[in-house]
Each structure stands twice: as structure tokens, then as C-alpha cells.
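1. got a structure for you, letters missing:
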């Protein structure tokens, strides 16, 4: 794959030009963007791969759901349905996709979860509901410029920041670096714990934020318990298992488990992997399985492995979280 990316380097200028021109047409108003009379918060990134959008959406849900009617809107990647879909009590993961199903499963009736590849249509449909949302969170929509979100949160990882990358197909950027200027908040995700102020300042200088922009740093906090459908087990008592992952980057999780000196093997699949019957047969032969919450959403439907299936919950810790929370809440209250 790395060799192929190098071979495709001559395409980089073409991709750059096409995405730059597209953004320029939106900036000039030649291509229209639709605004809405409700707070719309977009969480996204410049790059492909996992930057931590799902836990960030969950952070915002937890921040806002007690005071406002909140809805999430995603495209529903790899779902088996088309068009607008609103999650109900009986909705299956296949109908809305693994990440929206995770929101639906975790927050239940306290929020509305919808999917639509056409975000403009999705918002309009949500606003026509009997109990319309008061805040809409757009998941992975930083490049979906047909909707003009009122507040943009852009994520970039500590180990692979956007300012050290180039556009596809050789790099990982979906658009040129200067796209970061559309963000209101930039969050550097998956940072090591105890990042010093000096390191933060150096990182901020590389980002070169505009005066209007705020930069925050976040890290992943892993739970001390693993969770199944019916029980919780202290992580220190959980050993000799197989870690099964189908996410963009499993390295932080593997490093964390190794730091706990746990004995395990790792089966690593690509992001959003469609588990085949052959895969499930292989998992059936395992004694105990630990996975991510996102993968748990897809694997829990297989009765043959549900008794041996656990996931490790994670949360996001944001530096200067009170300031971040105040900025988000001030935006929502401005409507």
C-alpha cells in the first residue's frame, strides 16, 4: 500500500487542485451552502482515518443532552439502507451503521439519532419531527459544505497532525491543509498524558491558528472495567484474551493494554470491517474476546460469541475543558 501511494504521487497535484477549487466555489458563494435556524455543530477532520470523532460526538452529547433536545446526524457508513433513517427502539445496526448505532445504544431515548448521506435533507427531516431537536451534531461532515454549520470542531491527531501531511492519494488529507481555517475549534486528539505546556505551545505554533480559533488538546481515558451485555469485569482480573479490532488505528489501545501487563493476542482488521461467517467461525474458537465499543456494536448480534464478548469503554479528556464547554454552550445559547 505504501509503495502504491508513492507511485500515485503524480495525482496529488490534481487532487489538490480539484478539492481547492471546490472549496473556493463554496467560499465565493458560487456553490450554495444552507444555513439553519438551530445550532448545528460539525465534528470532523481534514484527514482520513481515526481522529476520535465518535468519542468527541459522545462528549458533546453528554455536555448538552440534559439541557437541550439533541440529535446526531451521520451519513451511516456501510449501512444496508438508503436515504433518511431515524433510529427507533427496534432499529438494527445494519440500518444505520455502527457508529450511529453506538450513539443510539448508549444514550437511548435521551437523544435522536439519524443518518442521511444528504445532510441538508437529513436536517430538514429532523426539524419536521413532532419533537424537533434544539441542537444538531453533524458527525464527520467537515467537507460536507452543502450545509453551513454554525460551529466547526476540527480534530487532528497528535502523532499524525494535518500540518505534516499532504493530500490523497499519497498523503491522508481529504483537502488542502488550509481547510483548517474554517474551524472554530481545533482539537489535537490522542495526546500522551501529561503533555507539557511547552510541548503544547510548540504544537500550536505549527498549527498557526487564526485569532478567532481556539486550540485544545485531548487524550483518551480508558475504563478500569470491561463490559459485556450482562456484566462488568475489573480490567486487572481480565487476562489471557484475544483483542479483536476493526478500527483505523488500534495502536493506542494495544499500548494501553500492554502497559497493564496483560496477556493477550491481537486480531487486527481494517476500519469498519465487515465480519464474514469465516471470521465469526474463527472467533467462536476463542476463549475470551475483548474489542472496542464500535466493534462490539457489530459483533454482539452473533449469538455464538456473545457470552465471550467484552469491550473496553473510553472517554475523552479535554485540556481546559471548562473553557471548551463554555464556548460550545455560548454558541448554542446564541440562538
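-> Received, thanks. The model shown is predicted, which means the values in this text are computed figures rather than measured ones.

2. mind checking how far residue 56 is from residue 269?
-> Using Cβ to Cβ, to the nearest Å, residue 56 is found at 23 Å from residue 269. For glycine as for every other residue, the C-beta is placed from the backbone atoms N, C-alpha and C.

3. ok, the two, which is more surrounded?
-> More crowded of residue 56 and residue 269, by other Cβ atoms under 10 Å: residue 56, with 22 against 15.

4. could you pull up the contacting residues of that one?
-> 43, 153, 155, 187, 189, 218, 316 (Cβ atoms under 8 Å, 6 or more residues apart in numbering).

5. the last one is in contact with residue 220, isn't it?
-> Spelled out, that is residue 316. Yes. Checked against Cβ atoms under 8 Å, the pair residue 316 and residue 220 is within contact range at 6.8 Å.

6. any shared contact partners between the two?
-> 52, 55.

7. okay, the two: which has more neighbours?
-> residue 316 (21 against 17).

8. how near is residue 52 to residue 220?
-> 7 Å.

9. cool, and residue 117?
-> 29 Å.

10. residue 302 too?
-> With Cβ to Cβ as the criterion, residue 302 and residue 220 are 27 Å apart.

11. can you give me the end-to-end distance of stretch 71-81?
-> 19 Å (Cα to Cα, to the nearest Å).

12. quick check: buried residues in that stretch?
-> Neighbour-count burial for stretch 71-81, counted by 16 or more other Cβ atoms under 10 Å, picks out 71-77, 79.

13. kindly report the same for stretch 155-162.
-> Within stretch 155-162, judged by 16+ other Cβ under 10 Å, the buried ones are 155-158, 160-162.

14. same list, those residues, but as JSON lines with pLDDT please.
-> As requested, those are arranged in JSON lines below (pLDDT from 0 to 100):
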{"residue": "155", "pLDDT": "98"}
{"residue": "156", "pLDDT": "98"}
{"residue": "157", "pLDDT": "96"}
{"residue": "158", "pLDDT": "96"}
{"residue": "160", "pLDDT": "95"}
{"residue": "161", "pLDDT": "97"}
{"residue": "162", "pLDDT": "98"}
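
15. take those residues and keep only those in strands.
-> 155-157 (DSSP state E).

16. parallel or antiparallel, which strands does the lengthiest strand in the chain pair with?
-> For the chain, the strand with the greatest residue count under DSSP E is strand 214-222. Applying DSSP bridges, strand 214-222 is found paired with strand 185-189 (parallel), strand 314-318 (antiparallel).

17. tell me, how many neighbours does residue 25 end up with?
-> So residue 25, with other Cβ under 10 Å, has 13 neighbours.

18. buried ones in the host helix or strand of it?
-> Secondary-structure element containing residue 25, defined by DSSP states H and E: helix 12-27. Residues of helix 12-27 classed as buried: 12, 15-16, 19, 23 (neighbour count, 16+ other Cβ under 10 Å).

19. do stretch 323-334 as well
-> 324, 328, 331-332.

20. so can I have JSON lines of those showing pLDDT?
-> As requested, these are arranged in JSON lines below (pLDDT from 0 to 100):
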{"residue": "324", "pLDDT": "98"}
{"residue": "328", "pLDDT": "98"}
{"residue": "331", "pLDDT": "98"}
{"residue": "332", "pLDDT": "98"}
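
21. any idea how far residue 244 is from residue 319?
-> Taking Cβ to Cβ, one finds residue 319 at 32 Å from residue 244.

22. how much space between the residue located most distally from the centre of the chain and residue 96?
-> For the chain, the residue at maximal distance from the C-alpha centroid (Cα atoms, centre = their mean) is residue 285, at 31.2 Å. Shown here: residue 285 relative to residue 96, a distance of 30 Å by Cβ to Cβ.

23. OK, contacts around the residue nearest to residue 93 when sequence neighbours are not counted?
-> Closest residue to residue 93 apart from its sequence neighbours, by Cβ to Cβ, 6 or more residues apart in numbering: residue 101 at 4.1 Å. For residue 101, the contacting residues are 87, 91-93, 113, 297, by Cβ under 8 Å, 6+ apart.

24. one step back: nearest to residue 138 among the buried residues of stretch 71-81?
-> residue 73 (5.5 Å; Cβ to Cβ).

25. in the sheet, who's paired with the closest one?
-> residue 114, residue 138.

26. quick one, what contacts it?
-> Residue 73 touches 114-116, 119, 122-123, 126, 136-139, 141, counting by Cβ under 8 Å, 6+ apart.

27. can you confirm residue 76 is in a helix?
-> No. Applying DSSP: H, G, I helix; E, B strand; the rest coil, one finds residue 76 to be coil, outside a helix.

28. so that it lines up with my notes, have the first residue be 58 from now on.
-> Got it, first residue is 58 now, which makes that one residue 133.

29. can you tell me how far the closest residue to it other than its chain neighbours is from residue 353?
-> Residue nearest to residue 133 in three dimensions, not counting chain neighbours: residue 172, with 3.1 Å by Cβ to Cβ, 6+ apart. Residue 172 sits 19 Å away from residue 353, going by Cβ to Cβ.

30. likewise residue 305?
-> Plainly put, residue 305 is 16 Å away from residue 353 if you go by Cβ to Cβ.

31. tell me which element residue 306 falls in.
-> Judged by DSSP H and E, residue 306 forms part of no helix or strand.

32. tell me the pLDDT of it.
-> With respect to pLDDT, residue 306 scores 87.
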